[in-house]
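# With the input below, show me the fold.
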Amino acid sequence: MKTFSYLVVVFVLGSFLPAQEKKNVKYFKTDLHRSELLKEEVPEDEAAKINHFKATYNAQGRLVRVEFYPNGDRTLAQLRKREIFPRPRPPYKYYRRWNPHSRKLANQLPASKIGSLPFYRVSFEGESAIRTVEFFRRRNRHLWTYYFMTREGEKGPHLSIVFSTQQPLTVLDPHLFHTSASEMKEGWIAEFKHNRLDRPLETVVSDPVGNMYYFYRFQHRYETEGDSLNPVSFRYTTSEYYLADSTKMGSHQLVFNENNRLLKKAFYDARGTLLETIEYIFDSERNELVTLIRDPKGGILHREVKKTN
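Got it, this is the predicted structure:
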C-alpha cells in the first residue's frame, strides 16, 4: 500500500471566523516551493506584528500544514489610519444636517434630543475649526466619519470620508455616484478634490494601506436658456467612473435647475452610448413627483407618481 504525503496551505485573514459565516474558497497557482516559503524563522511575538507563515509539523517532523497570516497588512492599515486621521474628541456638538462640500452645519440640537433620527456628531479644533464630523444613522450606529486634511504642498484641505461599516458609496449621494462603482468596506477611504465653488472634481476610493480600487471624475457646466427677460439657468454635472487601472466603466449626466433641484439623469456606457434616462417632473399644485424612465429612443419604460408632502 503506497503512502501519500501532502502539504496543506491555509490563508488566514482573521484570527477567528464565526462558524456560520459564509466562506468563499478560491485557488491560486504558484511556482513557489516550501523552501522558498519558509525562510527566516521568527519568534511568535514578532510574528504577531508582521505578515508570516505558520508551519505545523507532525510527530515524525513532516510538514503537514502552512497558514498565512497577513498581520503586517492589518498593522500597517491601523498605523496609517492612526497617523493620518485625528481621533474625535469631546466636547461634541450635534446637528441634524451637514453639507460636506460647503462645510455647512445646520439644525443644532442638544445630546438629549438626538432620538432615533440620523445625526452628526462634530468635534472641533479650538473654538471653530472642524476636526471631525461623524455620521450616525441612530444612536450607537456609526456609519462613517468626515475629515479635512491638508496634503504636503497643498494650500487648502481636502475632504476624506472613512467608512465604519461595509455599505455602498451611493449612500453618500445616490445621484452623484453609480452602483457599478460603489463598493465600500470597513476602513475604506473616499478622498475628494473640489473646485473653488465647492463642487467635487474627483473622488478616489482606496483602503487604509493605499490600494486604489476605483475613482470618479466630475465635470460641471452652466447654461442659460430663454430670453433676457425670462432667463432659465441649468447646471450640468457629469460623473465618469473608472477602475484603478483607468479603464472607463461608464458615465451619467445630471441636470439641475437654478434651485438645485434634480430634473434629469442620463446614463451612458463606457463608449458613450446612451443607455437610459430618468426624468423628474414636479407638480407643485398636486404636491406630486412624477418619475419617468425612458429607453435610448425615448420610449417610456416605467412611470411612477409619489406625493412630495
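
# For F282, list each beta-bridge partner.
Going by DSSP bridges, F282 is paired in beta bridges with L289.

# these two touch, right, it and V305?
No. F282 lies out of contact with V305 (C-beta atoms under 8 Å); the separation is 11.3 Å. (Each C-beta comes from the backbone N, C-alpha and C, glycine too.)

# shared neighbours of the two, which are they?
Common contact partners of F282 and V305 (C-beta atoms under 8 Å, 6 or more residues apart in numbering): 288-290.

# which one of F282 and V305 has more residues nearby?
Between F282 and V305, counted using other C-beta atoms under 10 Å, the more crowded position is F282 (14 against 11).

# I'd like the distance between the nearest residue to H142 once chain neighbours are set aside and G226.
Nearest non-adjacent residue to H142, counting by C-beta to C-beta, 6 or more residues apart in numbering: S164, 5.0 Å away. S164 sits 47 Å away from G226, going by C-beta to C-beta, to the nearest Å.

# Please identify which of the two sits among more neighbours.
Taking neighbours as other C-beta under 10 Å, S164 and G226 compare with S164 leading, 15 against 9.

# L159 contacts F148, doesn't it?
Yes. Look at L159 against F148 with C-beta under 8 Å: they come within range, at 6.1 Å.

# which of the shared contacts of F282 and V305 lies closest to G61?
Among the shared contacts of F282 and V305, L289 lies closest to G61 (C-beta to C-beta), at 73.4 Å.

# Wait, the closest one touches Y280, no?
Yes. Look at L289 against Y280 with C-beta under 8 Å: they come within range, at 6.4 Å.

# Give me the common contacts of the two.
The contact lists of L289 and Y280 share no entry, where a contact means C-beta under 8 Å, 6+ apart.

# quick one: low-confidence ranges for the stretch 101-250 of the chain?
Scanning the stretch 101-250 of the chain with the threshold set as pLDDT under 70 gives 151-154.

# redo that, cut-off 90
101-103, 111-116, 124-131, 138-141, 148-158, 196-198, 207-211, 224-233 (pLDDT under 90).

# quick one, strands of it?
104-109, 119-125, 129-138, 141-149, 158-163, 189-194, 200-206, 212-225, 232-243, 248-257 (DSSP state E, counting those that start in this stretch).

# The longest one - which strands sit beside it in the sheet, and in what orientation?
Paired neighbours of strand 212-225 in the sheet (DSSP bridges): strand 200-206 (antiparallel), strand 232-243 (antiparallel).
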